[in-house]
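Asks: From the sequence below, what's the structure:
(one chain, ligands or ions: 3)
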Amino acid sequence: MKKLINISLSEIKISELTKLKSEALIVTFYESKKISDITDIFDKKSKGVIKKLISRNELSGSLGNKVYLPNLNGTNSEKVYFLGCGKKDKEMSEQEFLSLSEKIASAAIQSNVKNVHIYLPALAIKGRTEDWNFKILARTLEASCYKYFFKGKKAQSKNILSKVTLLKNVDKKGLTTFNKALKIGHVIGVGMNTSRELANTPANICTPTFLASQAKKLSKSFPIIKTKILGEKEMKKIGMDCLLSVGNGSAQESKFIIMQYSGAAKTKKPNIIVGKGITFDTGGISIKPSPAMDEMKYDMTGSASVVGTMRAIAEIKPKSNIIGVIASAENMPSSTATKPGDVVKTLSGQTVEILNTDAEGRLVLCDALTYVERFNPANVIDIATLTGACVVALGHEATGMLSNDQTLADNILESGYASCDRAWQLPLWDSYQDALDSRYADIANIGGRAGAITAACFLSRFAKKYNWAHLDIAGTAYGGKIGKKSSGRPVPLLTEYLLSQK
Ligand code: BES
Ligand code: MN
Ligand code: ZN
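Replies: Ligands and ions are numbered 1, 2, ... in the order given. All right, here's what the predicted structure looks like:
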């Protein structure tokens, strides 16, 4: 996925705003009883247009208030948008700033021109420095320009926005820090779009082999990432029978993908992210009902977020070691498919009784979690559309998070707040573990009531040798307010977390 737009930052004095020749100028400003210094400039030049809009209660500066003025007198820009950002003395929350950013981006796209200028005042976000704003805004601008294109659908219009210039009354030092934040935010947006494009691609195209080729393609563009692919033969040889059992019913070959980014000395322990890559989940022999089964093409979103995050990391180039791993298979029913009651051996040596073939995510992830022990990781995070139960518990707002290490858990929670891509912790108490007792194997693949927790309990049995956290993104990968579209989550959370690890 290429960058969709160009984003840059320019220094400006507010008195120059009306002189600027722009195709579209978006001015964000504070709500105030009197006219603000910014709106005052436009009011004077236009001989009272702004005051008139204020007196009619059309222009208020309240958070999200938007007024569009084509051909505003005394202003050189062709289209002007005024966007309110709320009261100056009231600190905004992260989430409020994200939604303001979305409004700015939607005005930029709506303006239907190639080059947009955006003026930003100094906005105070509780607990964040001002460069944070630029990170979020740049990412939102890039992410908002993404549209999924598929050859089957005709007459789709493309966004024509190609260049955004942010304007700010700022000194040289500010320019440097803000530019750095802009760049990071921008590539996080590209990473989100990379993830969304993969997740939106239908399962007849996006197969495990396709995922592997996309990972290879990424390391071709960014040679700092080395990619290795294991096919079924290689996996069989080392004993990844549990992962392989999921693809038994499919004509598509299962793949195990390892993407290694080396930004520090070999001796430095890597952070590892492991994605569930079920390119389609029919449920297998424990087949799912037909309604909404098409959504199970999103069952590889965990792996898409790994690719998207690695894409962002490759551009930011932090001085650390990061490994992205993808466990990919297609879960189909057929005469060769795994059956309920089958017992398989995992790479760890533990045996699993597969009581439900629809609890397949944990079966591919467990072997991946064992595999990554060889890297002697600092921390391991797996990302998976793992359980419908997690959607019941948290809806589409928060990613479910469970961990065997509270420091790691706390870091992930904070990264979630800092990236407006929030997670919420669920308990991983030992008392939930008995639900997985099996009559015929070391462990059963289902059991108990708290589905999101028992799924994590299953995984925890394979993550005993390192600090580990599990992200259940069944609710946040797609759906909810954004509809049947990939959200790009949790690329922001993952990137934020990885960059925070020195
Ligand atoms: N991929 C599904 C989970 C899922 C459900 C993701 C809805 C997104 C939206 C997963 O493989 C699955 O089928 N889980 C089962 C587990 C059950 C059989 C223990 C579930 O949640 O019903
Ligand atoms: Mn399933
Ligand atoms: Zn699944």
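Asks: do you know how far residue 463 is from residue 191?
Replies: 25 Å (Cβ to Cβ, to the nearest Å). (Glycine included, C-beta is placed from N, CA and C.)
Asks: The two - which one has more neighbours?
Replies: Using other Cβ atoms under 10 Å, the more surrounded residue of residue 463 and residue 191 is residue 191, with 30 against 26.
Asks: so what's the backbone phi/psi at the more buried one?
Replies: When quoted as degrees, to the nearest 10, the phi and psi of residue 191 stand at phi -60, psi -40.
Asks: any idea how far it is from residue 302?
Replies: Taken as Cβ to Cβ, the span from residue 191 to residue 302 is 14 Å.
Asks: One more: residue 169?
Replies: 43 Å.
Asks: same check, this time on residue 139
Replies: With Cβ to Cβ as the criterion, residue 139 and residue 302 are 20 Å apart.
Asks: rewinding a little: residue 169 and residue 302: who's more crowded?
Replies: residue 302 (31 against 17).
Asks: Not counting its neighbours along the chain, what's nearest the residue lying farthest from the centre of the chain?
Replies: In terms of distance from the mean C-alpha position of the chain, residue 47 ranks first, at 46.0 Å (Cα atoms, centre = their mean). For residue 47, ignoring the flanking residues on the chain, the nearest one in space by Cβ to Cβ, 6 or more residues apart in numbering is residue 73 at 6.7 Å.
Asks: what's the answer for residue 180, then?
Replies: Per Cβ to Cβ, 6+ apart, closest to residue 180 is residue 131, 7.1 Å.
Asks: Against which helices or strands is whatever helix or strand residue 414 lives in packed?
Replies: Per DSSP states H and E, residue 414 falls inside helix 406-418. Helices and strands touching helix 406-418, as assessed by 3 or more Cβ pairs under 8 Å, 6 or more residues apart in numbering; DSSP states H and E, comprise strand 379-384, strand 399-403, strand 423-425, strand 468-472, helix 491-500.
Asks: Can you give me the buried ones in stretch 41-55?
Replies: Residues of stretch 41-55 classed as buried: 41, 42, 43, 45, 46, 49, 50, 51, 53, 54 (neighbour count, 16 or more other Cβ atoms under 10 Å).
Asks: Ok, stretch 83-100 next?
Replies: Quick answer for stretch 83-100 (16+ other Cβ under 10 Å): 83, 84, 85, 86, 88, 92, 94, 96, 97, 98, 99, 100.
Asks: so who does residue 156 touch?
Replies: Residue 156 makes contacts with 147, 149, as judged by Cβ atoms under 8 Å, 6 or more residues apart in numbering.
Asks: Could you tell me whether it really is in a helix?
Replies: No. If the criterion is DSSP: H, G, I helix; E, B strand; the rest coil, then residue 156 is coil and not within a helix.
Asks: How about the residues of this structure by ligand 3?
Replies: Within the chain, the residues that sit near ligand 3 (Cβ under 5 Å from the ion) are 278, 281, 299, 361.
Asks: The second one contacts residue 358, correct?
Replies: What it means is residue 281. Yes. In this structure residue 281 lies within contact range of residue 358 using Cβ atoms under 8 Å: 7.3 Å.
Asks: Those two - which one has more neighbours?
Replies: For residue 281 versus residue 358, neighbours defined as other Cβ under 10 Å are more numerous around residue 281 (26 against 20).
Asks: list the contacts for the more buried one?
Replies: 288, 296, 299, 331, 358, 360, 361.
Asks: picking up where we left off before, ok, so what distance separates the residue farthest from the centre of the chain from residue 324?
Replies: 58 Å.
Asks: ok, the buried residues of stretch 83-100 vs ligand 1, which is closest?
Replies: Comparing the buried residues of stretch 83-100 against ligand 1 with Cβ to the nearest ligand atom picks out residue 98 as the nearest, at 23.5 Å.
Asks: Look up which helix or strand residue 30 falls in, please.
Replies: strand 24-31.
Asks: and for the helix or strand following that strand, what are the contacting residues?
Replies: Next in sequence after strand 24-31, counting helices and strands by DSSP H and E, comes helix 37-46. Residues from elsewhere that reach helix 37-46, judged by Cβ under 8 Å, 6+ apart: 14-15, 17-18, 27, 29, 35, 49-51, 54, 59, 61, 72-75, 80, 82, 119, 121.
Asks: Please spell out which residues along stretch 458-473 are buried.
Replies: 458-463, 466-473.
Asks: Tell me which strands the strand holding residue 30 pairs with, and in which orientation.
Replies: strand 79-87 (parallel), strand 115-119 (parallel) (DSSP bridges).
Asks: Pipe those into TSV and attach mean pLDDT per row.
Replies: Converted to TSV, those look like this (pLDDT from 0 to 100):
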stretch	mean pLDDT
strand 79-87	94
strand 115-119	98
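Asks: Export those strands as a markdown table, with columns for distance to ligand 1.
Replies: Shown next, in a markdown table, are the strands paired with strand 24-31 (distance: least, Cβ to the nearest ligand atom, whole Å):
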| stretch | distance to ligand 1 |
| --- | --- |
| strand 79-87 | 35 |
| strand 115-119 | 36 |
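Asks: Now distance to residue 163 too, for those, in a markdown table please.
Replies: Listed next are these as a markdown table, based on distance: least, Cβ to Cβ, whole Å:
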| stretch | distance to residue 163 |
| --- | --- |
| strand 79-87 | 15 |
| strand 115-119 | 5 |
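Asks: ok, back up a step: could you give the mean pLDDT of the helix holding residue 414?
Replies: For helix 406-418, mean pLDDT rounds to 98.
Asks: which residues are in contact with that helix?
Replies: 94, 128, 132, 379, 381, 398-399, 401, 403, 421-425, 467-469, 471, 490, 493-494, 496-497, 500-501.
Asks: If you count neighbours, what's buried in that helix?
Replies: 408, 409, 411, 412, 413, 415, 416, 417, 418.
Asks: Next: stretch 320-340.
Replies: 320-333, 337-338.
Asks: Identify, from these, the entry nearest to ligand 1.
Replies: Nearest to ligand 1 among these, with distances taken as Cβ to the nearest ligand atom, is residue 331, at 7.4 Å.
Asks: my guess is that closest one contacts residue 249, does it?
Replies: Yes. Using Cβ under 8 Å, residue 331 is in contact with residue 249, at 7.4 Å.
Asks: what do those two both touch?
Replies: residue 284.
Asks: thinking again about what came up before, quick one: which of the residues of the chain next to ligand 3 sit in strands?
Replies: 278, 281 (DSSP state E).
Asks: any chance of the residues of the chain next to ligand 3 in TSV, plus pLDDT?
Replies: Converted to TSV, those look like this (pLDDT from 0 to 100):
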residue	pLDDT
278	99
281	99
299	99
361	99
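Asks: of the residues of the chain next to ligand 3, list those near ligand 2.
Replies: Within these, those near ligand 2 by Cβ under 5 Å from the ion are residue 281.
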